[in-house]
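Engineer: can't give you the sequence, but here's the structure:
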């Protein structure tokens, strides 16, 4: 790992993990690369394996906790696909979040939710346990039972957004590092 500045640790696969993030059971948390874990994020890898894809961003105060299987009462693995964003102060107990998924702030996902690829979950939405969100779906806080179908172009848009956000974040980190070394 490489210390790029006081706030983040940069891994060999170009992940940026805040020093204030709480990664419990780090050996069971897999970050594929170029992902960002902001401050006060809690990842409960001590309960089960958690896999996070490339170009993901998990924003401040979010908790990712593996769900419990109803029959065995054991925690099940969590998979988060590439190019996905989870907003601030979310509670995630989902079994799977697909690729190119945008989750707003203050979203609560119940036990074993499955969010398929190319979805948009608006801020403040609460998804009950065992909810399955089909691909290309937008869910609003106002009426989570009424969904809106998203166009196929959303896949490319979300992918580009995630790559742009990572690039902007990386440039900010470089700028802060340079400012920190020039100011004495």
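Structural biologist: Arrived safely. This one's a predicted model, so the numbers in the text were calculated from it and none came from an experiment.

Engineer: mind listing what residue 7 touches?
Structural biologist: Each residue near residue 7 by C-beta atoms under 8 Å, 6 or more residues apart in numbering is listed here: 18-20, 39, 176. C-beta coordinates here come from the backbone N, C-alpha and C atoms, glycine included.

Engineer: now, of the residues you listed, which are buried?
Structural biologist: Buried residues within these, defined by neighbour count using 16 or more other C-beta atoms under 10 Å: residue 18.

Engineer: from the contacts of residue 7, which two are the most distant?
Structural biologist: Within the contacts of residue 7, 20 and 176 form the most distant pair, 15.5 Å apart (C-beta to C-beta).

Engineer: quick one, helices of this structure?
Structural biologist: With DSSP state H as the criterion, the chain has helices at 154-182.

Engineer: stretch 28-35 - what's its average pLDDT?
Structural biologist: Stretch 28-35 shows a mean pLDDT of 97.

Engineer: what residues of it count as buried?
Structural biologist: 28-29, 31-32, 34-35.

Engineer: tabulate those residues (TSV), appending distance to residue 67.
Structural biologist: Listed next are the buried residues of stretch 28-35 as TSV, based on distance: C-beta to C-beta, whole Å:
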residue	distance to residue 67
28	15
29	16
31	20
32	21
34	26
35	21
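
Engineer: from those residues, which land in strands?
Structural biologist: Among the buried residues of stretch 28-35, the members falling in strands are 29, 31-32 (criterion: DSSP state E).

Engineer: of the contacts of residue 7, the lowest pLDDT goes to which?
Structural biologist: Scoring the contacts of residue 7 by pLDDT puts residue 176 last, at 84.
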